[in-house]
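Participant: What shape does this take:
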Amino acid sequence: MDKKNAFTLVELLVVIAIIGVLIALLLPAVQQAREAARRMSCTNNIKQLVLALHNYESSFLVFPTGRVGCDGACDPKSGPSTSGFVLMLPQIEQGALYDQFAPYGPGSAFPGNLPSTVLSQRPDAFVCPSSIMPPSVTLSGKEWATSSYAFCSGHYGPDQGIGAKVKWDNSGLFIYRDSRKISDATDGLSNLFVIGEVVDGDKPTSSNRWAIGSRLLDSLRSTRNPVNTLPGMGEVHKPYDHDLNAAFASRHPGGANFGFGDGSVKFIPETINLTVYRNLGRRDSGKVKSY
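Facilitator: Purely as a prediction, here's the structure:
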């Protein structure tokens, strides 16, 4: 009789087990490689945004405001809530979108008066590849594009409520109404956060619509809470039925990317000393910021 070659059931099970072990060994390495690539892409986005800030400064001799208008006791007491990200759109080759937001002066309209076809647009530079937030969120009948990034307004946060310290009197470069100059950063631009990462920009506790500038959320964050403090956690203030913490956070394990005023981008670990981290949000702390 002819002899037939075939696998036994035991041999087949052994091969399947070996393949399973190899997959288990390789999968974490593949995931780490993918995350490293996403983190590098995120770094490049922030680098592009910081360079855009400097191009803006070269043209106007000041950095863009965190928010064009003001409110409360600030004078003038009204104005549009247009964010500084709108002002710098031409510097990231988004001139056509910029034109749809004009005008920008104190008497111009609240961005919410614009149609969703404008507000829902989200330039690629505003999106971290590791982000899981939806591209837009619907509020008051309008569709607003979200963003993975926010300006650093300073080290004052929920501990100051929603008064002057978190609006037009914060310690960073990006605040309500007023434009800051390079000379205002007396600690040096290499020791100052200008842009950091944000998570859950589609949720009320961490809303991050790039077209709007608003204290404790929407394009303006602080270093009061530690990096990667999740929405609703840590020190919070509750002005509108939601616990706001103004924290920077990312989906990258162990920390988040931050753009510094000198154009560098660094990964700041969760283990950073909190006092140092808070001072990195300040333009004129006079403190040593080694970490």
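
Participant: From here on, just use CA atoms for contacts and neighbour counts.
Facilitator: Noted.

Participant: The protein: helices as residue ranges?
Facilitator: Using DSSP state H, the helices of the chain run over 9-60, 84-87, 95-101, 116-119, 274-279.

Participant: Now the weakest link among those helices, please, by mean pLDDT.
Facilitator: Here the lowest mean pLDDT among the helices of the chain goes to helix 9-60, at a mean of 83.

Participant: ok so, going back, redo the helices of the chain as CSV? Include mean neighbour count and distance to Leu216.
Facilitator: Below are the helices of the chain laid out as CSV (neighbours: other CA atoms under 10 Å; distance: least, CA to CA, whole Å):
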stretch, mean neighbour count, distance to Leu216
helix 9-60, 15, 20
helix 84-87, 25, 15
helix 95-101, 15, 23
helix 116-119, 17, 21
helix 274-279, 19, 15
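
Participant: Can you tell me which of the ones you listed is nearest to Ser214?
Facilitator: With CA to CA, the closest approach to Ser214 among these belongs to helix 84-87: 10.8 Å.

Participant: Export only the CA atoms of the closest one, formatted as PDB.
Facilitator: Taking Å, rounded to 0.1, in the frame of the first residue of the first chain, the C-alpha atoms of helix 84-87 are listed here in PDB:
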ATOM      1  CA  GLY A  84      -5.600  82.500  18.400                       C
ATOM      2  CA  PHE A  85      -5.700  79.400  16.300                       C
ATOM      3  CA  VAL A  86      -8.000  81.200  13.800                       C
ATOM      4  CA  LEU A  87      -5.600  84.200  13.600                       C
END
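
Participant: Quick one: residues contacting Ser147.
Facilitator: By CA atoms under 8 Å, 6 or more residues apart in numbering, Ser147 lies in contact with 122, 126-127, 135, 198, 201, 208-210.

Participant: How about Gln32?
Facilitator: For Gln32, the contact set (CA under 8 Å, 6+ apart) is empty.

Participant: Same check on Phe85?
Facilitator: Residues near Phe85 by CA under 8 Å, 6+ apart: 66, 210-211, 219.

Participant: From those residues, pick the one nearest Tyr277.
Facilitator: Among these, Ser219 lies closest to Tyr277 (CA to CA), at 18.9 Å.

Participant: Disregarding residues adjacent in the polypeptide, which is nearest to the residue most central in space within the chain?
Facilitator: Geometric centre of the chain, nearest residue: Tyr149, 1.9 Å, by CA atoms, centre = their mean. Sequence neighbours aside, Glu197 is the residue nearest to Tyr149 in space, at 4.6 Å (criterion: CA to CA, 6 or more residues apart in numbering).

Participant: what's the pLDDT at Lys4?
Facilitator: For Lys4, the predicted pLDDT is 58.

Participant: would you turn the helices of the chain into a markdown table with distance to Gly232?
Facilitator: Below are the helices of the chain laid out as a markdown table (distance: least, CA to CA, whole Å):
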| stretch | distance to Gly232 |
| --- | --- |
| helix 9-60 | 24 |
| helix 84-87 | 25 |
| helix 95-101 | 31 |
| helix 116-119 | 26 |
| helix 274-279 | 19 |
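
Participant: Arg180: which of those is closest?
Facilitator: Proximity to Arg180, assessed across the helices of the chain by CA to CA, is greatest for helix 9-60 (9.6 Å).
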